[in-house]
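Trainee: show me how the following folds:
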Amino acid sequence: MPLSHNIVTFIRPAFLTFLFLLTANISIAETAPAEDIKEEKLPIVDLQRFTKVIEYIKEYYVKPIEDEALFENAMRGMLGGLDPHSSYLGTEEFADLKASTTGKFGGLGVEVIPEDGFIRIISPIDDTPAQRAGIQAGDFIIRLNETPVKGLTMREAIELMRGEKGTKIVLTIIRQGEAKPLQITVVRDTINVQSVRSKMLDDQFAYIRVSQFQSNSGDDLSRAIQTLKKSNHGKIKGLILDLRNNPGGVLDAAVQIADAFLDRDKLKQYEGLIVYTKGRLPGSQIKEKAHAGDTINGAPLVVLVNSGSASASEIVAGALQDYHRAIIIGTQTFGKGSVQTVLPLKENRGLKLTTALYYTPAGRSIQATGIKPDIIVQNLRIPAPNEKEDPMNAFLLREEDLQGHLTNGNKEEKEKSIDKDKSNDKDKTMGARPTPNTPALLYTDYQLNEALNVLKGLTLVGSTTTAGKN
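Mentor: Next up, the predicted model:
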């Protein structure tokens, strides 16, 4: 279960090479070259105070404490006090980080960070126990079974959430809009994440969902587009890229996916940049640029985002927005704009340290602000025509329920009109002839339905959102 989203980087010995992996923006580093490290004298007074604290604990604490535990706790506190994404990695945490980059790991299937003493859900991962149980982005976990989260370290909370496949855990959560805490039972499982899913909606409009940026997600997206093209006589009129509740992952994959829709030869601004980073570490100055070619040949593109879209998702959305290559629809994204580098230590341990901030091609920092959609569309729920009426409605009176109410003077005329057009009405949905998927989308995924309407509109008017129009 990843602890936070970060773009993962690994620093190799003798040179600084960043291989961006997953948890949303992390990096793993081995010892940096000596010439890159500026030697500074450690403050003697602070070191003396630190050693004195250790002495007092060893001498006066209620029970004996091993030196290893003391130093492990000291390192956890030191890293945890920097920011929500820096942390010390024990042997299990270090192994979990590596496992998460492959798309297979154990747990509930959620991306979480500590916040105000509780655990905040950044997003549930698609097709995992957490999503199936109804966990939502923005939920706060306040209790794990009978154990309050307040007072637990992040590591202790994660250990409680872990367990054998098939075992249950009850999460007590606070959710915005709910009057009281909810209790949700989640059945633990091995998480196998399929990061890219695709399908045709209707009339040659394609839909691709990227739930996480894994090391192979860029290649998977390219294959998905080719498959969709083949199934539609080599043509796609437009495409919806769904990044909602995507917590991030491997930077290389994010760059590949953004690059798939950008043609370097048509980019007139920002030197063709997709993303760049700024940090103190010499090797953290990274610039990723687009290449020639657009996999959908400039066809209209809509990107769906929400508050669960973070990190690498924001890189993709930000780049496509800066170049006016896509219309961004949904709600404001999470705002995770920092890069974490994982520096390995001996005995399969490490520390995850925030080393840089990343920026969109136009120089926008996403950190703590996120990406603002071009079109705000809330995740509304439209009840289906055949959906059972809310039981509370049975207690609400209308004029027609009142004894002796007056009839409508136009009633007979309207009934004749309805009878005359009865056969036509069967094909009407909200004033328009429905397509095979439109009714279902309207009632099951309002944001996607609106994205499809925008995409169709762009096709009808002749999209001006391609990079060549900049």
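Trainee: which stretches in the stretch 301-450 of the chain count as strands?
Mentor: 301-305, 327-330, 338-345, 349-359, 375-376 (DSSP state E, counting those that start in this stretch).
Trainee: if you average pLDDT over each of those strands, which is lowest?
Mentor: Among those, strand 338-345 carries the lowest mean pLDDT, at a mean of 87.
Trainee: got the angle for it vs strand 349-359?
Mentor: Orientation of strand 338-345 against strand 349-359 (axes from the mean of the first three to the mean of the last three Cα atoms, to 10 degrees) gives an angle of 160 degrees.
Trainee: then strand 338-345 to PDB, C-alphas only?
Mentor: C-alpha atoms of strand 338-345 as PDB (Å, rounded to 0.1, in the frame of the first residue of the first chain):
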ATOM      1  CA  SER A 338       7.200  17.800  -5.400                       C
ATOM      2  CA  VAL A 339       9.800  15.100  -6.300                       C
ATOM      3  CA  GLN A 340      11.000  12.600  -3.800                       C
ATOM      4  CA  THR A 341      14.400  10.900  -4.100                       C
ATOM      5  CA  VAL A 342      14.900   7.600  -2.300                       C
ATOM      6  CA  LEU A 343      18.400   7.300  -1.000                       C
ATOM      7  CA  PRO A 344      19.300   3.700  -0.100                       C
ATOM      8  CA  LEU A 345      21.000   3.000   3.100                       C
END
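Trainee: okay, domains of this protein per the record?
Mentor: As assigned by automatic domain parsing, the chain contains the domains 108-192, 193-340+357-401+414-470.
Trainee: endpoint to endpoint, the first one covers what distance?
Mentor: It stands for domain 108-192. Using Cα to Cα, to the nearest Å, one end of domain 108-192 lies 11 Å from the other.
Trainee: run the chain-centre distance for that domain.
Mentor: Taking Cα atoms, centre = their mean, to the nearest Å, one finds domain 108-192 lying 16 Å from the centre of the chain it belongs to.
Trainee: likewise stretch 277-293?
Mentor: 22 Å.
Trainee: list the buried residues in that stretch.
Mentor: 277, 279, 281, 283, 284, 286, 288, 289, 290 (16 or more other Cβ atoms under 10 Å). All C-beta atoms are positioned from the backbone trio N, CA, C, and that covers glycine.
Trainee: stretch 262-270 too?
Mentor: By 16+ other Cβ under 10 Å, the buried positions in stretch 262-270 come out as 262, 263, 266, 267, 270.
Trainee: which residues touch the first one?
Mentor: The contact partners of residue 262, taken as Cβ atoms under 8 Å, 6 or more residues apart in numbering, are 272, 274, 290, 294, 319, 320, 323, 325, 467.
Trainee: most neighbours of all those residues, which one?
Mentor: Within the contacts of residue 262, neighbour counts (other Cβ atoms under 10 Å) peak at residue 323, which reaches 30 neighbours.
Trainee: still on that earlier bit, nearest to residue 97, of the domains of the chain?
Mentor: domain 193-340+357-401+414-470 (9.9 Å; Cβ to Cβ).
Trainee: I'd like to know how far residue 81 sits from residue 148.
Mentor: Between residue 81 and residue 148 the distance is 22 Å, computed by Cβ to Cβ, to the nearest Å.
Trainee: pick out whichever of these two has more residues nearby.
Mentor: Legend: neighbour count by other Cβ under 10 Å for residue 81 and residue 148, higher for residue 148 (12 against 8).
Trainee: where do the strands sit along the stretch 51-200 of the chain?
Mentor: 87-89, 104-107, 110-115, 118-124, 140-144, 147-148, 168-174, 182-187, 189-192, 196-200.
Trainee: worst average pLDDT in those strands?
Mentor: strand 104-107 (a mean of 65).
Trainee: of the buried residues of stretch 277-293, closest to residue 367?
Mentor: residue 277 (11.4 Å).
Trainee: tell me what the closest one is bridged to.
Mentor: On the basis of DSSP bridges, residue 277 is bridged to residue 358.
Trainee: show the pLDDT at it.
Mentor: 94.
Trainee: so it sits against residue 285, correct?
Mentor: Yes: under the criterion of Cβ atoms under 8 Å, residue 277 makes contact with residue 285 at 6.6 Å.
Trainee: common neighbours of those two, please.
Mentor: Common neighbours of residue 277 and residue 285 (Cβ under 8 Å, 6+ apart) are residue 356.
Trainee: of the buried residues of stretch 262-270, which pair is most distant in space?
Mentor: So, the buried residues of stretch 262-270 by Cβ to Cβ: farthest apart are 263 and 270, at 13.8 Å.
Trainee: the closest residue in space to residue 186 that isn't next to it in sequence and residue 307: what is the separation?
Mentor: What sits nearest to residue 186 in space, not counting adjacent residues and going by Cβ to Cβ, 6 or more residues apart in numbering, is residue 133, at 4.5 Å. Between residue 133 and residue 307 the computed distance is 19 Å (Cβ to Cβ).
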